[in-house]
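**Q** With the sequence up front, the predicted model follows.
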Amino acid sequence: TPPLGPEAGGTVVRVLGGGFVRSLSLKCLFGSVPVTASWHSASAVDCISPPRPAGTQVAVKVASNGADYSQSSQTFTYHDRLQASSVHPSTGPAEGGTSLTVSGAGFQASPLLECRFS
């Protein structure tokens with residue numbers, strides 16, 4: 001998880017499964033592109049998605065030895081870069097609770113879509 005991310009790559013993807021071994025050869029495979037994986041536990045590894053064109057959907061697999069990849073039903077889909085162009089209203093009370101409308105490009109209906117404030 002998550003099952004999708006931007007075409008530029010860089011999304012931390014947690015792959016769940018079993019029998020993962022902490023190893024310097026631990027890899028994830030996004031379609032045909034191998035990337036280094038970080039061992040989290042015997043049932044979870046983290047991988048950073050590589051760049052791929054928007055609209056591409058790939059299988060995500062794991063290999064503890066960098067060569068023998070698992071069979072996997074987990075997929076990752078690349079989307080266009082999200083671009084927020086405006087937020088309305090631009091101010092609200094400090095205690096929060098104001099509903100906002102964010103306009104821009106590249107948004108897709110997803111339960112993972114969220115706003116973050118800093």
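**A** Ah, there it is. All values derive from a computational prediction rather than experimental measurement.

**Q** who's in contact with residue 44?
**A** By Cβ atoms under 8 Å, 6 or more residues apart in numbering, the contact set of residue 44 is 14, 15, 16, 17, 20. C-beta here means a position set from N, CA and C on the backbone, and glycine is covered the same way.

**Q** Out of those residues, flag the one nearest to residue 67.
**A** residue 20 (15.0 Å; Cβ to Cβ).

**Q** wait, doesn't that closest one sit right on residue 38?
**A** No - taking contacts as Cβ atoms under 8 Å, residue 20 lies outside contact range of residue 38: 10.5 Å.

**Q** quick one, which of these two is more surrounded?
**A** Shown here are residue 20 and residue 38; by other Cβ atoms under 10 Å, residue 20 has more neighbours (21 against 14).

**Q** tell me the secondary structure for the more buried one?
**A** coil (DSSP: H, G, I helix; E, B strand; the rest coil).

**Q** quick one: secondary structure of the most far-flung residue of the chain relative to its centre?
**A** Using Cα atoms, centre = their mean, the residue of the chain lying farthest from its centre is residue 93. It sits 32.5 Å away. Per three-state DSSP, the secondary structure class of residue 93 is coil.

**Q** give the contact list for it.
**A** So residue 93 contacts nothing (Cβ under 8 Å, 6+ apart).

**Q** all strands in this structure, in order from the N-terminus.
**A** 4-6, 12-16, 27-30, 33-41, 44-48, 57-63, 75-79, 83-88, 101-105 (DSSP state E).

**Q** Please identify which of these is closest to residue 115.
**A** Nearest of the strands of the chain (Cβ to Cβ): strand 101-105, 6.6 Å.
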